[in-house]
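Q: prediction below, plus the sequence it came from.
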Amino acid sequence: MRNAYIKFLNEQDCILGCEKLAAHSPVSRLTNGVFCIPWGSLPLLDIIGVDYLFASTADLLHAHPVWNFAVPRAG
């Protein structure tokens, strides 16, 4: 199963999004406000109008420091 790592844009969206997601799929909260949800759950957030962003690589490394995966370098 593919996962999406997201950050909600505000506290209200976080509460509403987590409430609706938890009723339909697993939701994991990492540190730094990053949430791990199944990729297939993203349309539900769009339907209910919750604002979110995909977590950046820096967010993921900060949220879970043991993920020291290699990031391709340009050049």
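A: Sure, I can see it. Remember, predicted model here, so these are calculated numbers, not experimental data.
Q: other SSEs contacting the helix or strand hosting residue 12?
A: Secondary structure assignment for residue 12, by DSSP states H and E: helix 11-22. Helix 11-22 is packed against strand 35-38, helix 42-48, with contacts defined by 3 or more CB pairs under 8 Å, 6 or more residues apart in numbering; DSSP states H and E. Every residue, glycine included, has its C-beta placed from N, CA and C.
Q: in it, what counts as buried?
A: 13-14, 16-18, 20-21 (16 or more other CB atoms under 10 Å).
Q: coming back round to it: pick the most buried one from the helices and strands packed on helix 11-22.
A: strand 35-38 (a mean of 19; mean count of other CB atoms under 10 Å).
Q: for that strand, packing partners?
A: Against strand 35-38 (3+ CB pairs under 8 Å, 6+ apart) you get strand 3-8, helix 11-22, strand 28-29.
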